[in-house]
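Visitor: A predicted structure for the sequence below; I have some questions about it.
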Amino acid sequence: MKALDKVYDAVVPSLVSRLEEYDNCIKEGLDAPFSPWVKRWKNDGTVSTLIPHGARNGVSKRQYSGINWVILNLLSEYNSNDWFTLNQLKKLTGNDRPIPDDAWDTSEQIMFFKMNQSIDKRTGEESSFPMSKTYRVWNREEIPNVPEPEPDAILADFEVKSVIDSYIDKINLKGGIHYGGDRAFYRPADDAIGCPQESSFQTWEEFEATKGHETVHATGAKHRLDRTRGKKYETEAYAYEELVAELGAAMLCSHVGIPLEKLQHTQYIHGWLKRLKSDKKFLFDAAADAGKAFNYLVESQTSPACNDS
């Protein structure tokens, strides 16, 4: 798949560089100043409280997920989070050629995957096969005459907390969530989440991000998304699941406006780096599963790139 290779070549080296930089900070006993999953800066030099402030489609306002979230959040160098397809820009600007000559090369390529169904005319048997398609999207800052967006809703701290709690309520944990102790975890056998008290964290944002991380783990249960793809990575299956949870939590945090400054599980960095450098499917698989978890929790569309064309 040439499209897959092209996206891989653009995304993975950037992510590897960020993870290595983060790992070096840890080795030297320094506090890493950023999370590898998010942009190094915030709008206007401050932490934005707008919702959502992850990369999103500028028309539908739906946040991208999966590998498209990774592409647009890691590679873009814009303050605006709004991205548009060519067809959308034509409609918004009333111009059949809305892209300035010097902006054609500023687009990013995003991907859409879906399973197509077919019926054998001879036997009547149904079968499915995967289909991928790429789209070019442009950031708002590159295109003149795009109408200014209406201001986003600003959530107070307690409102952000209630949104995270609503995700936990949605999955209806059989064993519930329990606060206390000194570690966070999801226990599949009991279908329960454990998390230290909020007072154990340096900030309330870290507390909510940790709950989001464990909630993403919980989506993989057999009676929910039945996430099994990580098993093919054998000895690194657990590291794979942690990457899914890290990316999924980052998507949730960007969606509700929580700055994600730290990795939850730094001990898996070496395993991630090894796989990222040797297997182009590793990141795409993990991002796809993280996107499914995100969509499951927020009840958004699974394919914004396609639906917003």
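Guide: Sure thing, it's come through.
Visitor: residues in contact with stretch 82-102?
Guide: Residues outside stretch 82-102 that contact it (CB atoms under 8 Å, 6 or more residues apart in numbering): 55-59, 64, 72, 108, 135-140, 142-147, 149, 308-309. C-betas here are computed from N, CA, C, even on glycine.
Visitor: try 6 Å
Guide: Residues outside stretch 82-102 that contact it (CB atoms under 6 Å, 6 or more residues apart in numbering) are G58, V59, Y135, V137, W138, N139, R140, I143, N145, V146, S309.
Visitor: Can I take it that the fourth one is in a strand?
Guide: Yes - applying DSSP: H, G, I helix; E, B strand; the rest coil, one finds V137 inside a strand.
Visitor: so what's it closest to, chain neighbours aside?
Guide: W83 (4.2 Å; CB to CB, 6 or more residues apart in numbering).
Visitor: re earlier: report the two of the contacts of stretch 82-102 separated the most.
Guide: Longest distance between any two of the contacts of stretch 82-102 is 21.3 Å, between Y135 and N145; criterion CB to CB.
Visitor: more crowded one of those two?
Guide: Y135 (19 against 10; other CB atoms under 10 Å).
Visitor: Going by neighbour count, list what's buried in the strand or helix carrying Y238.
Guide: Under the criterion of DSSP states H and E, Y238 resides in helix 237-256. Burial within helix 237-256, assessed by neighbour count using 16 or more other CB atoms under 10 Å, is assigned to 239-256.
Visitor: Which SSE is immediately downstream of that helix?
Guide: Trace forward from helix 237-256 with DSSP H and E and the next one is helix 269-278.
Visitor: The next helix or strand after that following helix versus helix 269-278: what angle between them?
Guide: Where DSSP H and E defines the elements, the next helix or strand beyond helix 269-278 is helix 280-298. Helix 280-298 and helix 269-278 are oriented at 120 degrees to each other (axes from the mean of the first three to the mean of the last three CA atoms, to 10 degrees).
Visitor: Helices of the stretch 101-250 of the chain, residue ranges please.
Guide: For the stretch 101-250 of the chain, the helices defined by DSSP state H, counting those that start in this stretch occupy 157-171, 204-219, 237-256.
Visitor: Look up how far K232 lies from I269.
Guide: 21 Å (CB to CB, to the nearest Å).
Visitor: can you list the weak-confidence ranges in the stretch 51-200 of the chain?
Guide: Residue ranges of the stretch 51-200 of the chain with pLDDT under 70: 51-53, 74-75, 113-116, 127-131, 152-154.
Visitor: Tell me where it has strands.
Guide: With strands called from DSSP state E, counting those that start in this stretch, the stretch 51-200 of the chain shows them at 56-57, 82-85, 108-119, 126-139, 176-179, 185-187, 192-195.
Visitor: Reformat the ones you listed as TSV; add distance to E206.
Guide: Listed next are the strands of the stretch 51-200 of the chain as TSV, based on distance: least, CB to CB, whole Å:
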stretch	distance to E206
strand 56-57	24
strand 82-85	28
strand 108-119	30
strand 126-139	30
strand 176-179	14
strand 185-187	16
strand 192-195	11
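Visitor: Tell me which of the ones you listed lies nearest to A290.
Guide: Comparison of these against A290 by CB to CB identifies strand 108-119 as nearest, at 13.9 Å.
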